[in-house]
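Enquirer: Quick one, fold the following:
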Amino acid sequence: MKVRFTNVLSWIVIILMMVLILTVGYWMIYPYKTVVFLNHPFEISPETLVVKAGQNITYHTDYCKYTTLPATVTRSFVDGVKYSTPPTIASNAPGCHELFPSLLVPNLPPGTYYLRNIYQYQVNPIRIITIEATTSAFTIIK
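Expert: Numbering: from 1, shown residues only. Prediction:
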């Protein structure tokens, strides 16, 4: 009786481990489609090509989103050195959209910059899809 119980328990453990391995494998290799940017690099609005610290820059994004998941968005001002801003959560609706987001320029040294946007989607418990998009150049003056 004890041998039979051990055999049944062994087979249950083996089957559960196989299911777990297949699930993790599926999560790791499935080609999730989260968002596609149709205009890259994003164009800075002409009226904000030259800004001062404390003003807003506006850029044009045209995209199609294929998931209902929110994205964690990290933006950085780059001029050779990367100046990061705190991450935000973007919960845009699925579908194709055209947006003109505005972002406050922090107190940065004068120079020519571009904006680097990193979008991260947690698509399952073990995988994060990361998409990077940049803007065209703009100038910060004193």
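Enquirer: Determine the longest strand present in this structure.
Expert: As assigned by DSSP state E, the longest strand anywhere in the chain is strand 111-124.
Enquirer: how about it: buried residues?
Expert: 113-121, 123 (16 or more other CB atoms under 10 Å). Bear in mind the C-beta positions are built from the backbone N, C-alpha and C, glycine included.
Enquirer: could you point out which element follows it?
Expert: Using DSSP states H and E, the helix or strand that follows strand 111-124 towards the C-terminus is strand 127-134.
Enquirer: so for that next one, what's the average pLDDT?
Expert: In this model, strand 127-134 has a mean pLDDT of 95.
Enquirer: cool, and stretch 89-107?
Expert: 92.
Enquirer: Run through who's touching that stretch.
Expert: The contact list for stretch 89-107 (CB atoms under 8 Å, 6 or more residues apart in numbering) reads 38, 45, 51-68, 70-73, 75, 77, 83, 85, 115, 119, 140.
Enquirer: Leu103: helix or strand, and which one exactly?
Expert: Going by DSSP H and E, Leu103 is in strand 102-104.
Enquirer: What residues sit buried inside that strand?
Expert: For strand 102-104, by 16+ other CB under 10 Å, it's Leu103.
Enquirer: do the same with stretch 83-91
Expert: Tyr83.
Enquirer: Now do the end-to-end distance for that stretch.
Expert: 24 Å (CA to CA, to the nearest Å).
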